[in-house]
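>>> Turn this into a structure:
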Amino acid sequence: MKATCILPVKDLKTLLKGLNVLVYEARWHFTNKGLKVRAVDAANVAMVIATIEPDAFHAYKITEEDVVIGVELDNLYEMCKSFDSKEHVDITVMDGKLSVTSGSITYTTAIIDPSAIRREPKLPELDLSAEVVIDAKEFKRAIAAVDRVSDVAFFEKTDVGFRILGEGDIESIAYSVDNSGLIDCNNGKAKAKFGINYLKEFCKVTDGRLRIRFDNNYPCWLTFEIKDGFTLEYILAPRVEE
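The predicted structure follows:
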């Protein structure tokens, strides 16, 4: 047995859903610091980074320093829909197979050779000036509103607050909140625009808080803080004016 761990079914579903919005397969690294996954979409526009620290599991054990497997995400996510989200799931990596068990259901599948999966991208070094923290559900509501009028969303941070703006040919929509209404923010100021289709996909994860970092004509870095020790992050390239 190379790796075995137990976590809530809800967390596994969130992990799979969060990864699956960009890729259909990924390398999973079971390390001494927990489970880590990093992948980039086929268009090289967005990156996803998932981290579940050992303390976020109910049990976590590996027999090697770094157990790396390739996982086909679609089928595993569909299978996990059969699990009760109120229960826990046992995950085992052994003899070239991945097994997940919850209650009376066990799903076993062959793992993919990690070398057959696209190499993980390097994390970019980004010094982003603007940062805000909002409820993830509020962000989803804002993106859904902007999607009604535009295929891009402007993020703007000023001295007084933060807004997400969509502008169509004859109409516009703005989600605005002042600094006192944010969970947290810094003093940075910036404005940039991003593709709404990607942002809508990211909104399939609506648990916890969302930390947004961005800058003028730079990628935005979205960190969904699902719970202590569990984060899903997305880095999205901006739409830059010609």
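>>> how about the helices in the chain?
Assigned by DSSP state H, the helices in the chain fall at 9-20, 73-80, 136-146, 196-202.
>>> and Ile173, which of those helices is closest to it?
Closest approach to Ile173 among the helices of the chain is made by helix 136-146 (5.0 Å; Cβ to Cβ). No exception for glycine: its C-beta is placed from N, CA and C like everyone else's.
>>> Surely Val146 is in contact with Phe155?
No: checked against Cβ atoms under 8 Å, the pair Val146 and Phe155 is beyond contact range at 10.4 Å.
>>> so what sits against both of the two?
Ile164 (Cβ atoms under 8 Å, 6 or more residues apart in numbering).
>>> most distant residue from the middle of this protein?
Here the chain reaches farthest from its C-alpha mean at Ile170, the gap being 33.5 Å by Cα atoms, centre = their mean.
>>> phi, psi of that residue?
Here is the backbone geometry of Ile170 (degrees, to the nearest 10): phi -130, psi 0.
>>> Pull the contacting residues for it.
Ile170 makes no contacts at all, as judged by Cβ under 8 Å, 6+ apart.
>>> Quick check: pLDDT value at it.
The score at Ile170 is 89. That number is its pLDDT.
>>> What residue spans form the domains of this structure?
What automatic domain parsing lists as the domains of the chain is 3-116, 130-236.
>>> Go through the ones you listed and name the closest to Leu123.
When these are compared by Cβ to Cβ, domain 3-116 sits nearest Leu123, at 7.4 Å.
>>> Now the terminal residues of that closest one, how far apart.
Chord length of domain 3-116, first to last residue, is 21 Å (Cα to Cα, to the nearest Å).
>>> and that domain, how far from the chain's centre?
Remark: domain 3-116 is offset 13 Å from the chain centroid, using Cα atoms, centre = their mean, to the nearest Å.
>>> pLDDT of it, averaged?
Mean per-residue pLDDT for domain 3-116: 95.
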